[in-house]
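# Compute the structure for the input listed below.
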Amino acid sequence: MRLGTCLLLAVVSGVLGLTLRLTLPVTPVDASFRDVMRLYQSQAVPTGSNTPETSPP
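From the prediction side, this is the model:
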């Protein structure tokens, strides 16, 4: 494809995406999703790296 065609497709897809974002409402996060995220965050314990090059001495 030529450069002009690629730029035109990029602009059209950007405008389409922006139009969809502005016209469709954003679904709010429900309580069960928040509970799952809290569970995963509580389980996430920072660990050291598993590679010797980036592990602390």
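
# Kindly tell me how buried residue 29 is, as a neighbour count.
Using other Cβ atoms under 10 Å as the criterion, residue 29 is surrounded by 9 other residues. C-beta coordinates here come from the backbone N, C-alpha and C atoms, glycine included.

# Quick one: residues contacting it.
Neighbour list for residue 29: empty [criterion: Cβ atoms under 8 Å, 6 or more residues apart in numbering].

# For stretch 7-26, buried residues please.
Of the residues in stretch 7-26, none is buried by neighbour count under the rule 16 or more other Cβ atoms under 10 Å.

# From the chain's centroid, how far away is the longest helix anywhere in the chain?
Longest helix in the chain, counting residues (DSSP state H): helix 3-23. In this view, helix 3-23 has its centroid 19 Å away from the chain centroid, taken as Cα atoms, centre = their mean, to the nearest Å.

# helix, strand or coil for residue 26?
At residue 26 the chain is in coil, as set by DSSP: H, G, I helix; E, B strand; the rest coil.

# For residue 20, see how far away it is.
Going from residue 26 to residue 20 by Cβ to Cβ, to the nearest Å gives 11 Å.

# Same question for residue 34.
Counting by Cβ to Cβ - residue 34 and residue 20 are separated by 26 Å.

# do the same with residue 13
11 Å.

# can you check residue 43 too?
Counting by Cβ to Cβ - residue 43 and residue 20 are separated by 35 Å.

# Quick check on residue 24: phi, psi?
phi -90, psi 130 (degrees, to the nearest 10).

# Any figure for the gap between it and residue 14?
16 Å.

# again with residue 34
Taking Cβ to Cβ, one finds residue 34 at 32 Å from residue 14.

# what does residue 39 give?
Distance from residue 39 to residue 14, by Cβ to Cβ: 37 Å.

# same question, residue 42
In terms of Cβ to Cβ, residue 42 sits 39 Å off from residue 14.

# low pLDDT regions in this structure?
For the chain, applying pLDDT under 70 flags the ranges 44-57.

# If we use 80, what do you get?
The chain contains residues with pLDDT under 80 at 1, 43-57.
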